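> Got a predicted model here, sequence first, then my questions.
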Amino acid sequence: MKNLVFLFLYFSIFSLTLAQSMEGSSQIRSEADSIKELYFASGEENLDYLASYLVFEANPDSLLKYGEVYLEKAQADSLYSHISYAYRMIGYSYKFKGDLSKALEYFFESLKYAQKSGSMEAQGKSFITIADTYSASENSQNAAIYYQKSIEILEQENDSTSLGSAIFNAGDEYLKLGKLDSALLFVERAQLIFEKINFELGKAYCLGNLGMIFAEYGDKTSSEKRINQAIEILEKYEEYYPISDYLNYLSNIYLEHGDRESALAYAQRSLDLAGKYGLKDQISEANLLLSTIYESLNNSSKALEFYKKHIQYRDSVKNIQAVQEMANLRTDYEVSQKQAEVDLLESEATIATLRAKRQTLLLYGVLLMLILVALLAIGSFRRFKFEKETKKIIEEEKNRSEELLLNILPEEIADELKVYGKVKAHRFNSATVLFTDFKSFSTMAEIIAPEQLVESIDYYFKEFDAIVEKYGLEKIKTIGDSYMCAGGLPTETERHAFDVVHAGLEMMEFIKKPKPEGIVQFEMRIGIHTGPIIAGIVGVKKWQYDIWGDTVNIASRMESNSEEGKINISGTTYEIIKDEFECEYRGSVEIKNRGIWDMYFLKS
């Protein structure tokens, strides 16, 4: 996916200088020159004039030169906020030149002095510039981290446009990382902000990215609807580059999902649009996509045809042109030598022979040129396929690591851990906890083979895992033969008690079904209770998402006071679910160290 962030930065005041560098209008140049004159005219070389000049300066060399002047004066007066600003402007100059490593060095210096100054605005700007630079260098992981840091600061400031932009950009990075749930959350949040302030272009970019997210989910209808809504707005503003980019992205997604017909249509549409407006980068991208699509259709001739067109718009086209020029020069030289010999000969027969040789040389020269061009194209095509396969292997390994982490922790908790290196404990005012326990497990463990026992437990718990996932619950842990899960966390939901009860009934129904040969037929009891809990992870090794509080202990007591084949719920849970589930009142039962509690059996 092409990076759309740099287009969107135009609308963030944190990226004003970048936007003006891209725009490069004569009006901005005139404004910069006027402020520059005021700066030199001031007797003390006023820092405010110099700061204003740097904002409007679009030339990287001038920005670097006067940024260093500003830095020297700010350091002399130990003005931390001004020093931070100077480092940021110098960083921009290196970024415009394409030296992203050097730019990051200065942006981090800018952040250091912004923190010393205590200015939240300056810190927010520094985090944004660092995130933008990581995004430009295709390091989406770090970009997302620093966009998140900027969001935390901007939420304290009264600047909806900048906040919305940072949230959108963070969502774009999560999309590039393949974290669709997080991407959807961030982009929808940015969309709400832009709708509130009626920011048309911001809404267009949100619609476009939502379309890409739904395409990743495989929801073709929702994807096309939002992409087309985005394109309709972008066309009013003549923003053809992102339109072409969105079309290319859709083509890629549908190709990955095996819908080659849609992929072909979108790639061709992008190519037509890019060709109409001379967007060479997008012409190259669309041709590459068409080459890949035809390759997947086993149409090698078409794949090579579009790949040749793709490389015509790359830097490597210069190499081919050089080969062509060398071949032409050599042919012209040899032809001129033969022509000189012809002029010295008087025999018509000899002249005819030499002319034939000249034609042969011309033909050989052209053939040589074509062979060299073909070899370069085929070599580039093979290299492209190799790089594509290598990238796929890297992506698969990266996804495998991500899956392993998400198998240990919920996605929201994993993201928090990666961003901050730790996870804060969270209090949930209402959550529902479920415990299960197998009858006579200890006795069975003594009389059957360990392998059969483990195989049986694995058989049951795999099904429990599927049920928990079905109802959107969170598996907490297993302790021996006990299975523990909870609803209403890490994302709060209103119907967590109902979801847990449904899951409990389905678990009990599964237990009662006949089992395959070799699987022990257990009886089971279940306990459920609803109340406040604390959730989080502790330690630095073998992370585990866990929950604590009286609610957990009472849920465990509900299980121990239940009966085989029964689901015992507390009076608290009963009051929540009583209108949808039939229950049998058991009376008030005393729980050790917890007093007297009303208990109910669920009726299946």
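Looks like it came in fine. Just so you know, these numbers come straight off a predicted model, no measurement behind them.
> so where do the strands sit in the stretch 501-604 of the chain?
Along the stretch 501-604 of the chain, the segments classed as strands by DSSP state E, counting those that start in this stretch run 524-536, 546-548, 567-570, 583-591, 595-602.
> Buried deepest among these, which one?
The highest mean neighbour count among the strands of the stretch 501-604 of the chain, using mean count of other C-beta atoms under 10 Å, belongs to strand 567-570: a mean of 27. Where you see a C-beta, it was placed from the backbone N, CA and C, and this is true even at glycine.
> Can you add distance to P516 and give the strands of the stretch 501-604 of the chain back as TSV?
Listed next are these as TSV, based on distance: least, C-beta to C-beta, whole Å:
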stretch	distance to P516
strand 524-536	17
strand 546-548	33
strand 567-570	25
strand 583-591	33
strand 595-602	27
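> host element of K102?
Here K102, judged by DSSP states H and E, is contained in helix 100-117.
> Can you give me the buried ones in that helix?
Buried residues in helix 100-117, counted by 16 or more other C-beta atoms under 10 Å: 100, 103-104, 106-107, 109-111, 113-114, 117.
> Which members of the residues you listed are the farthest-apart pair?
Longest distance between any two of the buried residues of helix 100-117 is 25.3 Å, between L100 and S117; criterion C-beta to C-beta.
> quick one: which of the buried residues of helix 100-117 is nearest L505?
Distances from L505 to these, taken by C-beta to C-beta, are shortest for L111, at 53.9 Å.
> contacting residues around that closest one?
Neighbour list for L111: 84, 123, 126-127, 130 [criterion: C-beta atoms under 8 Å, 6 or more residues apart in numbering].
> Just among these, which is most surrounded?
Ranked by neighbour count (other C-beta atoms under 10 Å), the contacts of L111 have S126 at the top, with 30 neighbours.
> need the contact list for that one.
Contacts of S126 were listed using C-beta under 8 Å, 6+ apart, and they are 84, 88, 107, 110-111, 114.
> If we ignore the residues flanking it in sequence, what's nearest it?
Leaving aside its sequence neighbours, S126 sits nearest to L111 (C-beta to C-beta, 6 or more residues apart in numbering; 3.8 Å).
> now do L177
Nearest to L177 is S140, by C-beta to C-beta, 6+ apart, at 5.0 Å.
> now the contacts of L111 in JSON lines, with secondary structure and pLDDT?
Formatted as JSON lines, these follow (DSSP: H, G, I helix; E, B strand; the rest coil; pLDDT from 0 to 100):
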{"residue": "S84", "secondary structure": "helix", "pLDDT": "90"}
{"residue": "Q123", "secondary structure": "helix", "pLDDT": "88"}
{"residue": "S126", "secondary structure": "helix", "pLDDT": "88"}
{"residue": "F127", "secondary structure": "helix", "pLDDT": "91"}
{"residue": "I130", "secondary structure": "helix", "pLDDT": "92"}
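> of all the residues you listed, which comes closest to I193?
F127 (17.9 Å).
> can I see the domain layout of this protein?
318-395, 420-602 (automatic domain parsing).
> Would you single out the least confident of the ones you listed?
Mean pLDDT is lowest for domain 318-395 among these, at a mean of 58.
> Now N429: phi and psi?
When quoted as degrees, to the nearest 10, the phi and psi of N429 stand at phi -70, psi -20.
> likewise E523?
Dihedral angles (degrees, to the nearest 10) for E523: phi -110, psi 150.
> pretty sure it is in contact with D437, am I right?
No - under the criterion of C-beta atoms under 8 Å, E523 makes no contact with D437, lying 9.9 Å away.
> Which one of these two is surrounded by more residues?
D437 (21 against 13).
> and that one, what are its bridge partners?
R525 (DSSP bridges).
> Surely it touches E559?
Yes - in this structure, D437 is within contact of E559 by C-beta under 8 Å, at 5.5 Å.
> Need the overlap of contacts for those two.
482, 525-526.
> how about TSV for those residues, with distance to I283 added?
Conversion of the shared contacts of D437 and E559 to TSV gives the following (distance: C-beta to C-beta, whole Å):
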residue	distance to I283
S482	62
R525	67
I526	62
